[in-house]
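J.: Dropping the sequence and predicted coords here.
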Amino acid sequence: MIQKISSYISAMALALTLAACAVPGGGPGEVEIRTGTIEQITPVQLQNSHQIGVGAVVGGLAGLGIGSLIGGGTGRDVAMVLGTVGGAVVGNQVQKRYEQPVMGQQIIVRTTNGVLVSVTQPTNPNLRHGQRVYIEGSGEDARVVLR
């Protein structure tokens, strides 16, 4: 009798564990798609996705590696320090080229059920006021595409 109750409890615990692991709204790779009409398009500037300081770190590490190949003893140590500093400066300058804001657009779409949805994304020159579109995804990953 106790063994039977223990089996039931174990089965119930397993069922609850599996239910807690279930992914709501479908499995991986599924994307929510809504339809609607563009009400408004406003040009905006988007921040670039490059991380600040990465160029200096990568450049410094590259300079350190190159400096370690030069000479030996104290001369090698000096070459490593100079390589690190020089690489960091060059890496920082290279990264600055890519830190410029990217042109984007804030698009207001009225969905087929009447709800207004705002999506900010990189500029798509094919989108115009009044066009019927799809809104793919949700949150920061949402994109407006032609229908």
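T.: Yes, it's here. Computed from a prediction, not measured in an experiment: that's the story for all the values here.

J.: and the longest strand for this structure?
T.: Criterion DSSP state E: the longest strand present in the chain is strand 33-46.

J.: Name the next helix or strand following that one along the chain.
T.: In the C-terminal direction, the helix or strand that comes right after strand 33-46 (DSSP states H and E) is helix 54-67.

J.: Flag the shaky bits of the chain, pLDDT-wise.
T.: Applying pLDDT under 70 to the chain flags residues 1-31, 48-52, 98-100.

J.: Can you give me the domain assignment for it?
T.: Under the assignment named as automatic domain parsing, the residue ranges that make up the domains of the chain are 2-47+101-146, 54-96.

J.: Skipping its backbone neighbours, what lies nearest residue 126 in space?
T.: Spatial nearest neighbour of residue 126, excluding adjacent residues (CB to CB, 6 or more residues apart in numbering): residue 146 at 6.0 Å. The way it works is simple: take the backbone N, C-alpha and C, and place the C-beta from them, glycine included.

J.: what comes up buried for the longest helix anywhere in the chain?
T.: The longest helix of the chain (DSSP state H) is helix 73-96. Of the residues in helix 73-96, those with enough neighbours to count as buried (16 or more other CB atoms under 10 Å) are 79, 80, 83, 84, 86, 87, 88, 90, 91, 92, 95.
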